[in-house]
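**Student:** Return atomic coordinates for the entry below.
(3 chains)
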Amino acid sequence: MRTTHTAKVAAGALAALLVLAGCSSKAKDDDGDKQSAGGVKTGDGISGKTISLGVLTDMTGVYATLGKSVTQAQQLYVKQVNASGGVCGYKLSLTVRDHGYDPQKAVSGYTELAPKVLGFTQFIGSPFVAAVKQRIDGQDKGLVLPQAWSATLLGSPYIRVIGSTYDIETINAIDFLMKEKGLKKGDKIGHVYFEGDYGENALAGSKYMAKKAGLQVVEQKIKPTDNDMTGQVAALKQAKVKAIVISAGPRQAASLVGVAAAGKFPVPIIGNNSAFAPQLLATQAGPALTANYYVASPSLPIGADTPQAKKLVEDYKAAYPKDSLDNGVVAGWTAAAAFGEALKKACAAKDLTREGVDKALLTINAFDPGFGITQDFSDPKSASSKQSVILRPDKSAVGGMKVVREAEASSAAEGYTPGS
Amino acid sequence: MSDVLARDETTGTTRPARHRTLRLPGVRTWVRVAGAVLLLALPFYLDRFWLQAGLFAMAAAIGAIGLNLLTGATGQLSMGHAFFLAVGAYGYCVFAADGGDGLTGLGLPSWLAAVLAVLVAGVAGGLFSPIAGRLRGAYLGIATLALIFIGQHVLFNARDLTGGFNGRDVPPLSLFGLTFDDREVVVAAVPFGSAEKLWYAGLVLLLGCALFARGVLRGRPGRAMNAIRDHRIAAGVMGVPVARYRAAVFVLSSMYAGLAGVLLALVFQRTVPDYFGITLSLDYLAMIVIGGLGSVAGAVVGAVFVSLLPQLLTRYSDALPLVSDPGTGGIAPGEAARYLYGAAVVAVVLFLPGGLVRLAARRRVSPGSGATPGEER
Amino acid sequence: MSTFAELLLNGISLGSVYALIALGFVVIFRATEVVNFAHASLLLAGGYVTATLHDDIGFWPALLVGIAGAAAVGAAVEFLVMRRYRGSDHSVLAIVTIGVDILLTTELTRRIGTDVLALGDPWGDAVLTVGPVSLAHTRIAAFVAAALLITAFLLVFRYTSWGVAMRAAAESPETAALMGVRLGRVSLGAWAVAGGLAAVAALFLTVFPTPGLERATSLAALKAFPAAILGGLDSTTGALVGGLLVGITESLATGYQSDLTFLGRGLGDLAPYLVMVAILLIRPAGLFGTKELARV
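**Tutor:** Numbering: from 1, shown residues only, chains lettered A, B, ... in the order given. Okay, the predicted model is just below:
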């Protein structure tokens, strides 16, 4: 009984398939690049007069704080570009997918959007970017601007990190400690870092700098669920470190700085750009943070004294009055603006295909959206900038940060190549 | 809960009688034919996003069947399922990779690698059975939680084996000269990439796993497992070798998880450690509860529900009331999916003991249909 | 040596917070034999209420309202969900609490959003320094609170009628019901008490040295699982000992990370689970747990 049924099923299915397959919409037909009226070549991601761009963000997971700011800044950018006529007559439209830092949702989001968009102005989570890297490099070839600054993402002509990577930022941070905070050759330096791409890439930087400058790194690896840094401070105190670098989240930084201050352990502490959030200044850790904490950042803070920054603050406040201004806004805006710049160049070259946009970005070697750092996108193998700005928390400043040292690339950072 | 299986048995015995009265191929056969045609034809129509979602659901279904054997049928709470998935996924990479990326790779033929990965997952389950055999209920559940933490630690730290935080590339599966990668093969004018090809592999694997599990559940072992779940000591008294069964089910369930891990790795094309965390384990528990504890169909239904729900909500967020696009305020699709998913777990247990498959069964109690949950696939 | 003393003290104080969370598991397990995976969300609920109210009504009243609020949430979960379950499988009920946890946590994290909420406690970042060892006031308070609460529970379980009823209900629900124990009330009370305990634990989890309450705070409950298990899920003493053991293990594994590099770095999270597995291998019901007796 069962066998005959199975055979019937199989035969029926086969017959049906042969009949049906012919009329599938997926069937191959040549719909290559189109030529629009203005002589601009277009391809995937453009239909009619609209350029679709993808955003793969995290608004409900561990990077929710970053994801929200970046996405809102990019939505603001798109709104403003469209209000001023769009890019060579095309309107921009963002499709946002929130993956909540779940690999399955992130990969699904990419699979869903990839055929429909010209490129991605945001992709949070470097493990996920790595997961679809083969597809980006092999078939899709759309421009992807990850909101992650890990050096492991460098090297692809399509995945372009904006600003200095974590390793370079850490090198610049230690350079600041040595030049201005009395750290010297032979000293020990503590490094508290997250497990994962962010922390481990930063660690590569501090190890490189230690070798260059004759320092010794005392490592303390933590997980994002660790919120209490008492044990770490005790261990670093025991090791007699003269300064501490923290490559973790804002909470861990606040705890570390607070515990060190309370335990009379007054060494200078510096963090990467992800290790601070203005919300912290309202908590108990606020005073300790303003007293003895520095942050290395790939751009000027949102409260910078440039006309572009002031305009962004004003517009952002008007659009999202309830949300805090942080460096995620700058990062999102910068990425969107870089993408916009590439689109404009591609349009000028009459080639708005994915290939055209990729090529256009390679020609941009001095892009400055108004946050103090010039980006050079001409070499996919190196970060678009090797400079970092050193900031410190300040309650009175917009975004809670003010500049201590202007954009500068240390000589060690200039001579650094990732993986060395 | 135990009545699901009890119902199975009664229909199992009454079924032949029904078949004698039904001369013509019944409604059920036609439904099956239609379902099979549909499943086989889908790759010709759906785009990659849906195929991938379907493949995630298939992999989840295989893993959930394994967990249902352990938790649903034998009553052993396991929160460490994600660990065995990881063993399968990474095991496959280690066996199949050729070491070209600087990571450990044995360069075995990929089909052999897949088989070995499943076996290694089983061995891992076997190694844990001294602990699993001694503990019960909540103690076992939380002890298996330790596996997740150990697993994550190894995935992040054993750099040569796992690639660390960035994970490692998954070599495509190659079988009888057919490689399941993204090189396009045109079938009936439709270009076949990895998702289309894997779809069929996934269907075959799922069918095989489901049939095997059904065989286990319906036969002697299944009755012994249920006896252990319902009354361990009574089962022992009646001559069921309790310890041996418990260990064997743990190993079998781990192998199912390992196979699910291999399939997932092939779909992802890259394994990342973040995936194999505690959330994944909890997802699997939710699947079997929502679908129906102790039955194969329940595991499949639950897996499809839990894997596809967030995808559907995200994809159609603009068309749904109350749900809004991320960044516009209101409930984000991700959150809406969490609400529904949490509510589904609670609601199913309270109002639908036996899971979603019971719903289907209840609707079809009309005479002649004869379909009961445990019987479909 | 001073580092060791400091790590040990820090571990003890951290452990007392875990003990408070573990006690919440124990109370519910004793009354209903269910492992409550929703404890993490009760924690978040208590902390959230305290954090949002302390500005308006002051810290102590806010804490009381927080405790009451979390107790109410716990009772509501029992009344609306747990009580409605008709089956008898405790594993299924444990999975239901996972569903409840997902619902509550999603709602609370949506409310908290990306904020870090201060709880406005009176201890601030003050530190007590004795010789080379320093300890935060918040941690001393946590230890005192845990010690008081756990002693109180030991006494309550042993001497009050509620405690006896709870033990009777755990031992054999049918017999207890026949003897006039109102099972519903016992279990409702247990959930409410667990909620209150969670709120207290939330307080000590979010004050100095941590910056405040935020969406990930509830993850700390994961560390209390090994505490509750290795002490024995039905033992109050076990919760205390388990909590301390986990706290000390975590603290030492972190502090001596550099000497343990052969195991890989970042052991702090993992160590408690390894200790738990080792103990369970020797004592399957935990250090102080009651061995399950065979009832046929």
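
**Student:** list the contacts for residue 143?
**Tutor:** No chain in the question, so chain A it is. Counting by CB atoms under 8 Å, 6 or more residues apart in numbering or on different chains, residue A:143 makes contact with A:118, A:119, A:120, A:158, A:160, A:339, A:342, A:354, A:357, A:358, A:361. For the C-beta atoms, the positions are set from N, CA and C on the backbone; glycine is no exception.

**Student:** not quite, I wanted chain C
**Tutor:** Here residue C:143 is in contact with C:12, C:13, C:16 (CB under 8 Å, 6+ apart).

**Student:** Equivalent analysis for residue A:365, please.
**Tutor:** Counting by CB under 8 Å, 6+ apart, residue A:365 has contacts A:376, A:377, A:378.

**Student:** Look at it and tell me its secondary structure.
**Tutor:** Following DSSP: H, G, I helix; E, B strand; the rest coil, residue A:365 is assigned to coil.

**Student:** I'd like the distance between it and residue A:310.
**Tutor:** 26 Å (CB to CB, to the nearest Å).

**Student:** I figured residue C:212 hits residue A:286, correct?
**Tutor:** No. Taking contacts as CB atoms under 8 Å, residue C:212 lies outside contact range of residue A:286: 10.5 Å.

**Student:** higher neighbour count, these two?
**Tutor:** For the pair residue C:212 and residue A:286, the greater number of neighbours falls to residue C:212 (25 against 18), based on other CB atoms under 10 Å in any protein chain shown.

**Student:** Looking at that one now. What's its pLDDT?
**Tutor:** Per-residue confidence (pLDDT) for residue C:212: 86.

**Student:** With the one 10 residues further on instead?
**Tutor:** The predicted local distance difference test score for residue C:222 is 81.

**Student:** and the gap between it and residue C:12?
**Tutor:** Distance from residue C:222 to residue C:12, by CB to CB: 20 Å.

**Student:** what sits against residue A:102?
**Tutor:** For residue A:102, the contact set (CB under 8 Å, 6+ apart) comprises A:61, B:275, B:279.

**Student:** What is the burial count for the residue nearest to the second one when sequence neighbours are not counted?
**Tutor:** Across the structure, with CB to CB, 6 or more residues apart in numbering or on different chains as the measure, the residue nearest residue B:275 apart from its sequence neighbours is residue A:103 (4.3 Å). Using other CB under 10 Å as the criterion, residue A:103 is surrounded by 24 other residues.

**Student:** what about residue A:103, distance to chain C?
**Tutor:** Residue A:103 sits 18 Å away from chain C, going by CB to the nearest CB, to the nearest Å.

**Student:** Now do the helices in chain C.
**Tutor:** C:2-32, C:39-57, C:59-80, C:90-112, C:137-159, C:161-171, C:173-178, C:183-206, C:221-231, C:236-255, C:271-282 (DSSP state H).

**Student:** got any ranges where the stretch 1-150 of chain C has weak pLDDT?
**Tutor:** C:1 (pLDDT under 70).

**Student:** at 50 instead, please
**Tutor:** Within the stretch 1-150 of chain C, no stretch has pLDDT under 50.

**Student:** hmm, stretch A:42-54 touching chain B?
**Tutor:** No. Stretch A:42-54 is not in contact with chain B by CB under 8 Å from any CB of the partner chain; minimum separation 12.5 Å.

**Student:** if we can go back for a sec, in helices, which of the contacts of residue A:365 appear?
**Tutor:** Using DSSP H, none of those sit in helices.

**Student:** circling back to that earlier point, dump the contacts of residue A:143 into a markdown table; add pLDDT and neighbour count as well.
**Tutor:** Formatted as a markdown table, these follow (pLDDT from 0 to 100; neighbours: other CB atoms under 10 Å in any protein chain shown):
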| residue | pLDDT | neighbour count |
| --- | --- | --- |
| A:118 | 93 | 26 |
| A:119 | 93 | 29 |
| A:120 | 95 | 31 |
| A:158 | 92 | 21 |
| A:160 | 92 | 25 |
| A:339 | 93 | 29 |
| A:342 | 92 | 26 |
| A:354 | 91 | 22 |
| A:357 | 90 | 27 |
| A:358 | 90 | 19 |
| A:361 | 91 | 26 |
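
**Student:** I'm done for today, thanks for sticking with me.
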